[in-house]
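Peer 1: build me a model from this:
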Amino acid sequence: MGCNGCGTDSGTPIGCKNNGHCATGGCSKLEVHDWLSDITADPFSKYNIHEVSFKNGSRKAFYINNKRFDVFTGDFVIVEAAQGYDLGQVTLSGELVRLQMKKKRVKENSETLPSILRIAKDSELDLMEQARSKEKETMLKARVLARNLGLDMKLGDVQFQADGKKATFYYTANGRVDFRELIKVLASEFKVKIEMRQIGARQEAGIVGGIGSCGRELCCSSWLTSFKSVNTTAARYQNLSINQTKLSGQCGRLKCCLNYELDTYLDALRFVPEKADFLQFESGDAKLMKTDVLKGYMYYTLKNSGTFYPFTFENVKLILEMNSNGKKPADINDLAEVEEKNEEDNIEFADVVGQITLSSLDRKSRKHHPNKHKNQQQKKTDSNQQASSKKPAAQKQNNRRFKNRNQQNRNNNSGNADNK
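Peer 2: Below you'll find the model as predicted:
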């Protein structure tokens, strides 16, 4: 059975939308290959502790199977809870659980571990779906209540217990938050027991989801179930520029994918010679400009030269040994490698669709209008002549206005004198 997000909408699978749905090998978030499944043939001698996941891997815990139910990976089981019971899916069984508990430093003590009560029934699965259907509406109301109380926190997700008696709210905050008053308000509003649990930015990004810079769904929301610490040392080992904006994910932290190829680079860095920033030649000193760890090349250049000369790790070690003995190679080209170009690099792209350049368009436009320049000059002369012909008429009109204004002033002056 798949995760909760893999339902159907009008016959079309929904959920992570990565590769169909979980029944057809989709996101594989809850799938783990049990490479120790055939370690024993006796079912009663199998390891009786199982790893159970809740709500698509957002929370995991170990539960002991004292009653020896026939539980397999992928089954839904009813487990003990602090109050009532909860329903989860078995994600690990057998000897893999022993290794996982040792890795997480969980003691194999039957007194402290909760137990598996029974295998879940269909009615209990329906009850869990009803409780999960209220989570979105509950989270929106809780955000409004937290904002009204003026709390500096962000609610990211809410998870109801399978029996509907408890709700766990996951939030992120920059500092310590006093949410005692919020718990009272939420308990009176939803009539369930409230638990507040703070999570980090990576966990929040996995809950919210999104599209990464690679164009695919975020690893933390699709298949990644555990988070490892990532630092800038991983970027330095891979010769990546320390650019915070490019190395950070949507959570604001360093991308988890920086750790994916780190082991390969660490294995290849063992063969890189140390203290090889400069190589001495009779023609001058060569400075290290770039190191291609995977190809096994170190690129050097001479002073006042823009040419990069590739050297293998063995040749660099040989030159360093010669320099330590006071010797210098005669020419840098003697030990430099000649990189072989692939045939794909020599492909010449042709204009197969009949496209033409803008310069050819300009030439054609000029050919179609040979008298364009003459027409523009003719228009300028015509406009100048029209302007010159309009000048005398405009000047006569202005003179006429000036005379009328002077005559009106004289009449006014004479009228004022008669009155006096």
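
Peer 1: all strands of the protein, in order?
Peer 2: Along the chain, counting by DSSP state E, strands occupy 8-9, 12-13, 49-54, 59-64, 76-80, 85-92, 116-119, 154-160, 166-172, 193-198, 278-281, 284-292, 297-302, 309-312.

Peer 1: who's in contact with residue 62?
Peer 2: Applying Cβ atoms under 8 Å, 6 or more residues apart in numbering, we find residue 62 in contact with 49-52, 97, 101, 106, 113. For every residue, glycine as well, the C-beta is placed using N, CA and C.

Peer 1: retrieve the pLDDT associated with it.
Peer 2: Per-residue confidence (pLDDT) for residue 62: 93.

Peer 1: now residue 179, nearest residue through space, not along the chain?
Peer 2: residue 196 (5.5 Å; Cβ to Cβ, 6 or more residues apart in numbering).

Peer 1: please, where are all the helices along the stretch 151-300 of the chain?
Peer 2: 180-190, 201-208, 219-222, 232-237, 244-247, 262-268 (DSSP state H, counting those that start in this stretch).

Peer 1: state the distance from residue 254 to residue 260.
Peer 2: Residue 254 sits 13 Å away from residue 260, going by Cβ to Cβ, to the nearest Å.

Peer 1: can you check residue 89 too?
Peer 2: 27 Å.

Peer 1: settle it for me: which of the two has more neighbours?
Peer 2: Set residue 89 next to residue 260 and count neighbours by other Cβ atoms under 10 Å: residue 89 wins out with 22 against 11.

Peer 1: list the residues that contact residue 323.
Peer 2: By Cβ under 8 Å, 6+ apart, the residues touching residue 323 are 279-280.

Peer 1: that one and residue 48, how far apart?
Peer 2: Taking Cβ to Cβ, one finds residue 323 at 65 Å from residue 48.

Peer 1: quick one, what contacts residue 49?
Peer 2: Contacts of residue 49 by Cβ under 8 Å, 6+ apart are 62-65, 97-98, 101, 108, 113.

Peer 1: need those in TSV with distance to residue 271, can you?
Peer 2: Output for these, formatted as TSV (distance: Cβ to Cβ, whole Å):
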residue	distance to residue 271
62	42
63	47
64	48
65	49
97	39
98	37
101	37
108	42
113	47
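
Peer 1: pick the one among these closest to residue 277.
Peer 2: Proximity of the contacts of residue 49 to residue 277 (Cβ to Cβ) peaks at residue 101, which lies at 47.5 Å.

Peer 1: what's the burial count for that closest one?
Peer 2: Neighbours of residue 101 using other Cβ under 10 Å come to 18.

Peer 1: what residue ranges in the stretch 301-420 of the chain score low on pLDDT?
Peer 2: Scanning the stretch 301-420 of the chain with the threshold set as pLDDT under 70 gives 339-420.

Peer 1: repeat that for the stretch 101-250 of the chain.
Peer 2: Within the stretch 101-250 of the chain, the segments meeting pLDDT under 70 span 110.

Peer 1: so how far is the first residue of stretch 76-94 from its last?
Peer 2: 16 Å (Cα to Cα, to the nearest Å).

Peer 1: give the buried residues for it.
Peer 2: Buried residues in stretch 76-94, counted by 16 or more other Cβ atoms under 10 Å: 76-79, 81, 85-94.

Peer 1: pull stretch 119-133 out as PDB, backbone CA atoms only.
Peer 2: Only the C-alpha atoms of stretch 119-133 are listed here, as PDB (Å, rounded to 0.1, in the frame of the first residue of the first chain):
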ATOM      1  CA  ILE A 119      -3.200  -5.200  12.700                       C
ATOM      2  CA  ALA A 120      -5.400  -2.400  11.600                       C
ATOM      3  CA  LYS A 121      -8.900  -3.000  10.400                       C
ATOM      4  CA  ASP A 122     -10.800  -1.300   7.600                       C
ATOM      5  CA  SER A 123     -13.000   0.600  10.000                       C
ATOM      6  CA  GLU A 124     -10.000   1.900  11.800                       C
ATOM      7  CA  LEU A 125      -8.400   3.000   8.500                       C
ATOM      8  CA  ASP A 126     -11.700   4.900   7.700                       C
ATOM      9  CA  LEU A 127     -11.600   6.600  11.100                       C
ATOM     10  CA  MET A 128      -8.000   7.700  10.500                       C
ATOM     11  CA  GLU A 129      -9.000   9.200   7.100                       C
ATOM     12  CA  GLN A 130     -11.800  11.100   8.800                       C
ATOM     13  CA  ALA A 131      -9.400  12.500  11.300                       C
ATOM     14  CA  ARG A 132      -6.800  13.400   8.600                       C
ATOM     15  CA  SER A 133      -9.500  15.200   6.600                       C
END
